[in-house]
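1. Fold the following, please.
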Amino acid sequence: MTRWPNQTEETIERLVVEDYQAKVPVETICVNRKVALKTVYRILDRFEVTDRRWHNKDKLLHEVRLRFGGDDFPRVQSKENSWLYYACLQRFGTWRRTLDLAGLKYRTHRGSRPFHPKPSPELSYLIGVYLGDGCVKRAERGWLFVLKAKDYDFLFSFQRALQQLTGKNYAISKEMNDVWVCICSWTSFATWLRDTPLEGLSGISMHYPSSFIRGVADSEGSSSGGFIRITNTNLDLLKTVQNALATLGIRSHIRLKARAGEEHYIRGKKTIRKKDCFDLCISKGHNSKCFFERVGFSIGRKNKMGAVYV
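-> Numbering: from 1, shown residues only. Below you'll find the model as predicted:
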């Protein structure tokens, strides 16, 4: 926050000059306000706030090469580098022009840190979510892994898995029609999900089959009266889930639910199916009890129907 709120540009310049003459540390003069920053740029030469080593343009560009030559996206982090940045703006006008004169590469964004897949319960869960309700979308500066759902419990589990996998806390926001959304902006992770075939994703997720199944079940599953169904148009995905259930000792079967071209209703709207739709079914009794004990749902309302079987 600026130290001089609601002041004119001339007043700000006068206060900046007074602070400098009173030997106030120069870091406190650099305030996060556009007008004040412009003022600082204008008085740089007048009071020689910049380091005297940088008076010569060649030496200034040499300093830029030394400090930022090994970085694809030169970042201004330390206080000393910030003053080098201000000096460059004063001498050359823009940071892009400075890097061009220094012969360095300029990128519009930092780029995404690489993603190296390592089997974990969180990654298996996120793979299951991606193969279910999740999607990867193109953004202005990369790719996004997006999940939208009406159950907050689902979004919370998704957010927690992302936090444990990436070390970052992605926000959950509410959209229209009571829909919750969480967006992961890690481009490398999103493109890895997009480009990896089902066989590759299932190979990693099978290290933790219960987490993988829970991700798919949270997305596409339902429970009623002890019966559990996972519905999807991708038959290969359901067969993968069936194999994962078998490793946990849970028997299931797949049946055709509806054929392509049939009419059905989504939230009261009549639509025509474009693909065959299949159900993976887990029968009531021992198998459903094992499912709730060894896998379960992250969504509370889906677990309520199976609570009596645990």
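2. these two touch, right, I228 and S288?
-> Yes - between I228 and S288 there is a contact at 5.6 Å, judged by C-beta atoms under 8 Å. Yep, even glycine has a C-beta here, placed from its N, CA and C like the rest.
3. who has more neighbours, these two?
-> I228 (27 against 23; other C-beta atoms under 10 Å).
4. tally of neighbours for the closest residue in space to the more buried one that isn't next to it in sequence?
-> Nearest residue to I228, sequence neighbours excluded (C-beta to C-beta, 6 or more residues apart in numbering): I282, at 4.1 Å. Neighbourhood size, I282 [other C-beta under 10 Å]: 26.
5. Likewise for F158?
-> 27.
6. While we're on the residue nearest to I228, how confident is the model there?
-> Confidence at I282, expressed as pLDDT, is 90.
7. who's in contact with it?
-> Listed by C-beta atoms under 8 Å, 6 or more residues apart in numbering, the contact partners of I282 are 227-229, 245, 250-252, 288, 291.
8. R138: which of the residues you listed is nearest?
-> R229 (32.5 Å; C-beta to C-beta).
9. wait, is the closest one part of a strand?
-> Yes - judged by DSSP: H, G, I helix; E, B strand; the rest coil, R229 forms part of a strand.
10. beta partners of it?
-> Assessed by DSSP bridges, R229 has beta-bridge partners S222, C281.
11. My guess is it contacts L280. True?
-> Yes - assessed by C-beta under 8 Å, R229 is found in contact with L280 at 6.9 Å.
12. more crowded one of these two?
-> The neighbour count for R229 versus L280, taken as other C-beta under 10 Å, is higher for L280 (24 against 17).
13. shouldn't that one be in contact with S252?
-> Yes - using C-beta under 8 Å, L280 is in contact with S252, at 5.6 Å.
14. Touching both of those two, which residues are there?
-> With C-beta under 8 Å, 6+ apart as the test, L280 and S252 both reach 241-242.
15. gap between E199 and L237?
-> Applying C-beta to C-beta, to the nearest Å, the value for E199 to L237 is 11 Å.
16. next one: P121
-> From P121 to L237 the distance is 19 Å (C-beta to C-beta).
17. just to confirm, which helix or strand has P119 in it?
-> Using DSSP states H and E, P119 maps to neither a helix nor a strand.
18. and the closest residue to it other than its chain neighbours, which of the three is it?
-> Spatial nearest neighbour of P119, chain neighbours left out: H207 (3.7 Å); criterion: C-beta to C-beta, 6+ apart. The local conformation at H207, judged by three-state DSSP, is coil.
19. H207 - how many residues pack around it?
-> 14.
20. doesn't Y125 make contact with it?
-> No - using C-beta under 8 Å, H207 makes no contact with Y125, being 11.9 Å away.
21. what about the helices in the stretch 201-310 of the chain?
-> 209-220, 235-247, 286-294, 300-304 (DSSP state H, counting those that start in this stretch).
22. for those, which one ends up most surrounded?
-> helix 209-220 (a mean of 25; mean count of other C-beta atoms under 10 Å).
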